[in-house]
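Trainee: Quick one: sequence and predicted model below, then my questions.
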Amino acid sequence: MSGPVRALLIPSALALLVGVAGCTGSPTPNAGGTDDNSSMVLAQAVEPTSLNPLLGYGANGAAKIYDGLVAHSADLTLAPALAEQLPTPSADGLSWTATLREGVKFSDGSTFGPEDVVATYRALLDPATGSTVRADFAGLQGVEQLDDRTVRFALEKPWAAFPHKLVLGILPSEALGVPLDQVKPVGTGPYQVVEHKRGDRLQLTANPGFRGGAPGVRELTVVFVPDDNTRAQRMQAGDFDGAELPPRLASLAGAASGMRLITHRSADLRAVTLPTGNPVTGDPAIRAALNAAVNREALVQSLLGGKGAAASTPVPETTPEHVDTTASIRHDKARAEQLLDQAGWARGADGMRSRDGAPARFTLMYPIGDVVRNDLATGFAADARAVGVDVQLAGLAWDSIRPRLGQDALLWAGGSPFDPDLALTAALRTGNPWGYSDPVVDAALDTGRAQLDPAQRATAYRQFQRAYVEAPAMVVLALVQHTYVVRDNWNGYQQVVDTAGAGPLSWGPWWNIEKWGSK
């Protein structure tokens, strides 16, 4: 596997290396165009479909335009934001109460209060508004204002991770009288929107009334460049002050004078989904065999340049208290072959398998332009082919991927460093997009969600892993470290454990950019 895969990586890496060689030692002007580092231009692969938190913007918090009631800290714990202190649960776990800060204003000058919290969450819960994150709050029944500083959230069942959902950005109640896609992006965060030019860039300026004080970096521009190679080359050309790049491109770009390479641990799992609606990927023997066939350690070393960790279950090592080290799936090609033989998937003259005339073949989708997912899909397909399973790769736009999730495999990215419930329930409990269902897995996930006691939750998630490895839903490949290149002009960077799919400015090195300043 490693030979063919390595050959595929050489052309783009060499192309960037030529750019690096030509730029090393040359001046590195501030892309923002100022001498005092008061502005920055950052490059982002994915453009948000909306700047409205009720339509998915800033789901992990730190969204720069908005504040939630709470915020995630560098150590992954929660800290008060618009709430004066952390919310507290009722004795039965069926409600959470939050006391709000006084004297906070939105960037348009209006005063923040409990009516804004109530209006935001009621709009989220109302099916008529069309909030795209409503399903993520399925256990929330309602919210009410208790007095001029207090709100209470009512839950259908106890939900231990619920406080993490309170990073949702709060909108002014007055703004919510129109369809969500017409709501102006006004919040209480450190920045306010100047312009969102679709398909190009997002321009922000400091919110002078921000409760935490005026940011040192006063102007922020996020340029959307979906293609990884293009983003790396433009970073080298001096177009940007910072960019997230795949490990192999970041290592080259970060070697230039005046650049800093940053590597973050992450809870960003990459896995191959195996839809049960597909006659090949829905076969338990195929699922078990592919999990044994893939050489995860080799993928990490050859395709990620060692910037990651092999993983076979969807509980990331970033929350070690939830990890069962005995529950894993090891690389065993002979075992994979045996499972396929026993299930009647016989090899033909070309080495590929079939059963009852149907080939052991399926399509694996990945987002076009995503170098890491492309590379991992290629490596996985090579390991699958080695045991006689033909995986056809398809780089597609997301609009083409989404309708096919129940039939075709996806090189999936997911995971949360904050709490296992935030990622596992949506991906693996009955009702997930790929049709996987296991009553033992469901029971363990439900217990992990409902128990407020940390020890009981940890026990439940270890039980989940043991059940999962007996009948895996997907082929988990690796935890991918995130790599960035930043001009070495600023103080204020603080390392964090990254999330998957953070979005513009909401996590990664820029999670606290409002606290950055000039060196």
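Mentor: Perfect, thanks for sending it.
Trainee: going forward, measure contacts between C-alpha atoms and count neighbours the same way
Mentor: Fine.
Trainee: Quick check: Ala311 touching Val480?
Mentor: No. Under the criterion of C-alpha atoms under 8 Å, Ala311 makes no contact with Val480, lying 9.8 Å away.
Trainee: So those two - more neighbours on which side?
Mentor: Shown here are Ala311 and Val480; by other C-alpha atoms under 10 Å, Val480 has more neighbours (27 against 24).
Trainee: What is the burial count for the residue nearest to that one when sequence neighbours are not counted?
Mentor: Spatial nearest neighbour of Val480, excluding adjacent residues (C-alpha to C-alpha, 6 or more residues apart in numbering): Gly308 at 4.5 Å. Other residues lying near Gly308 total 23 when counted by other C-alpha under 10 Å.
Trainee: If I look at Gly308, what pLDDT would I see?
Mentor: Looking at Gly308, its pLDDT reads 92.
Trainee: And the helix or strand where Leu477 lies, what does it pack against?
Mentor: Assessed by DSSP states H and E, Leu477 sits inside strand 474-480. Judged by 3 or more C-alpha pairs under 8 Å, 6 or more residues apart in numbering; DSSP states H and E, strand 474-480 is in contact with strand 269-273, helix 284-293, helix 296-303, strand 308-310.
Trainee: Now the element after that strand, going C-ward?
Mentor: Next in sequence after strand 474-480, counting helices and strands by DSSP H and E, comes strand 482-487.
Trainee: Please name the strands paired to that following strand in the sheet, noting orientation.
Mentor: Strand partners for strand 482-487, identified by DSSP bridges, are recorded as strand 242-245 (antiparallel), strand 259-264 (antiparallel).
Trainee: next one: that strand to chain centre, how far?
Mentor: Relative to its parent chain, strand 482-487 has a centroid offset of 17 Å by C-alpha atoms, centre = their mean, to the nearest Å.
Trainee: And the nearest residue to Asp148 once chain neighbours are set aside, what's its pLDDT?
Mentor: Excluding the flanking residues, the one nearest Asp148 by C-alpha to C-alpha, 6+ apart is Pro114, at 6.5 Å. Here the pLDDT value assigned to Pro114 is 98.
Trainee: Kindly report the same for Leu8.
Mentor: In this model, Leu8 is scored at 34, pLDDT.
Trainee: residue contacts, the spatially closest residue to Glu514 that is not a sequence neighbour?
Mentor: Among residues not flanking Glu514 along the chain, Pro215 sits closest, at 4.6 Å (C-alpha to C-alpha, 6+ apart). Counting by C-alpha atoms under 8 Å, 6 or more residues apart in numbering, Pro215 makes contact with Pro190, Ala206, Ile513, Glu514, Lys515, Trp516.
Trainee: all helices of the stretch 201-350 of the chain, in order?
Mentor: In the stretch 201-350 of the chain, the segments counted as helices under DSSP state H, counting those that start in this stretch are 228-236, 247-253, 284-293, 296-303, 333-342.
Trainee: Return the distance of the second one from the chain's centre.
Mentor: Same thing as helix 247-253. Relative to the centre of its chain, helix 247-253 is centred 20 Å away, using C-alpha atoms, centre = their mean.
Trainee: same thing with the last one?
Mentor: Computed by C-alpha atoms, centre = their mean, the chain-centroid distance of helix 333-342 equals 34 Å.
Trainee: The first one now?
Mentor: In terms of C-alpha atoms, centre = their mean, the centre of helix 228-236 is found 21 Å from the chain centre.
Trainee: Please identify the buried residues of it?
Mentor: Across helix 228-236, burial judged by 16 or more other C-alpha atoms under 10 Å covers Asp228, Asn229, Arg231, Ala232, Gln233, Arg234, Met235, Gln236.
Trainee: can you check stretch 387-402 too?
Mentor: So, applying 16+ other C-alpha under 10 Å, buried residues of stretch 387-402: Val387, Gly388, Val389, Asp390, Val391, Leu393, Ala394, Gly395, Ile401.
Trainee: was I right about the first one contacting Lys333?
Mentor: Yes. The pair Val387 / Lys333 is scored as a contact, 7.2 Å apart, by C-alpha under 8 Å.
Trainee: anything in contact with each of these two?
Mentor: Common neighbours of Val387 and Lys333 (criterion: C-alpha under 8 Å, 6+ apart): Ala293.
Trainee: any weak-confidence spans in the stretch 1-150 of the chain?
Mentor: Counting by pLDDT under 70, the stretch 1-150 of the chain shows low-confidence ranges at 1-37.
Trainee: my bad, should have said the chain
Mentor: Where the chain drops to pLDDT under 70, the residues are 1-37, 501-504, 518-519.
Trainee: picking that back up, among the contacts of Pro215, which are located in strands?
Mentor: Residues of these located in strands (DSSP state E): Ala206.
Trainee: how about the contacts of Pro215 in a markdown table, adding neighbour count and distance to Phe464?
Mentor: Output for those, formatted as a markdown table (neighbours: other C-alpha atoms under 10 Å; distance: C-alpha to C-alpha, whole Å):
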| residue | neighbour count | distance to Phe464 |
| --- | --- | --- |
| Pro190 | 29 | 40 |
| Ala206 | 24 | 45 |
| Ile513 | 25 | 37 |
| Glu514 | 21 | 39 |
| Lys515 | 18 | 40 |
| Trp516 | 18 | 41 |
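Trainee: Need the contacts of Pro215 in a markdown table (columns: distance to Trp345).
Mentor: What follows is the contacts of Pro215, written out as a markdown table (distance: C-alpha to C-alpha, whole Å):
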| residue | distance to Trp345 |
| --- | --- |
| Pro190 | 58 |
| Ala206 | 61 |
| Ile513 | 54 |
| Glu514 | 57 |
| Lys515 | 58 |
| Trp516 | 58 |
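Trainee: ok, of the contacts of Pro215, which one's closest to Asp341?
Mentor: The nearest member of the contacts of Pro215 to Asp341, counting by C-alpha to C-alpha, is Ile513 at 55.2 Å.
Trainee: From Ala467, how far off is the residue sitting furthest away from the middle of the chain?
Mentor: What lies farthest from the middle of the chain is Ala349; by C-alpha atoms, centre = their mean that is 42.4 Å. Computed as C-alpha to C-alpha, to the nearest Å, the Ala349 to Ala467 distance reads 37 Å.
Trainee: So what's the residue count around Pro179?
Mentor: If you count neighbours by other C-alpha under 10 Å, Pro179 ends up with 12.
Trainee: Equivalent analysis for Gln44, please.
Mentor: Per other C-alpha under 10 Å, the neighbour tally for Gln44 reads 22.
Trainee: ok, Leu124 touching Ala138?
Mentor: No. Judged on C-alpha under 8 Å, Leu124 makes no contact with Ala138 at a distance of 10.4 Å.
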